[in-house]
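A.B. asks: coordinates for the following, if possible.
(2 chains)
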Number of protein chains: 2
Amino acid sequence: MITEDLGKRIRELRQKTGLSQEKFALKIGMDRTYFASVEAGRWNIAICNIKKISDGLGVTLSELFDFDELQ
Amino acid sequence: MITEDLGKRIRELRQKTGLSQEKFALKIGMDRTYFASVEAGRWNIAICNIKKISDGLGVTLSELFDFDELQ
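C.D. replies: I've put the predicted structure just below:
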């Protein structure tokens, strides 16, 4: 599932920032519980929030999606 | 706005396929009116539908998002 692949990728990049889920969510002004569900791949997240996360991670959307996709 | 940038990019890639909005939407099993609003940048489209479009265009998500982002 793409939501799971994306969640894993976000977690990987967020961990590289050294911030906890809670601190990262606070930094980008996103609800902590919502952000946790995105990382867990449980949310069909929309583009405006994906962009908010990529900006917070300091990567482009193209970099954020640079992972092997399963069909 | 990211929805507008993404819509333009989808339109550009869809036009390269030689398919009309209607035929492309039909091909990927998406409502034509919904797809038109995505191309027009009027929809905060979620990842599962973005993935459906990128698959239909024959590009990866990383390729789909390979455009200059404004903040």
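
A.B. asks: interface residues of chain A facing chain B?
C.D. replies: A:2-3, A:6, A:44-48, A:50-51, A:55, A:60-67, A:69, A:71 (Cβ under 8 Å from any Cβ of the partner chain). Yep, even glycine has a C-beta here, placed from its N, CA and C like the rest.

A.B. asks: pLDDT below threshold where in chain A?
C.D. replies: Applying pLDDT under 70 to chain A flags residues A:70-71.

A.B. asks: identify the residues contacting the helix of greatest length in it?
C.D. replies: When chain A is parsed with DSSP state H, its longest helix is helix A:2-16. Residues from elsewhere that reach helix A:2-16, judged by Cβ atoms under 8 Å, 6 or more residues apart in numbering or on different chains: A:21, A:24, A:38-45, A:50, A:53, A:57, A:59, A:64-65, A:67, A:69-70, B:47-48, B:51, B:61.

A.B. asks: those residues, buried ones only, as a PyMOL selection?
C.D. replies: Listed next is the PyMOL selection for buried residues among those, using 16 or more other Cβ atoms under 10 Å in any protein chain shown:
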select buried, (chain A and resi 21+24+38+39+41+43+45+50+53+57+59+64+65) or (chain B and resi 47+51+61)
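
A.B. asks: in helices, which of the contacts of helix A:2-16 appear?
C.D. replies: A:21, A:24, A:38-39, A:50, A:53, A:57, A:64, B:47-48, B:51, B:61.

A.B. asks: what about the residue nearest to the spatial centre of chain A, distance to chain B?
C.D. replies: Centroid check for chain A by Cα atoms, centre = their mean gives residue A:10 as the closest residue, at 3.4 Å. Distance from residue A:10 to chain B, counting by Cβ to the nearest Cβ, to the nearest Å: 11 Å.
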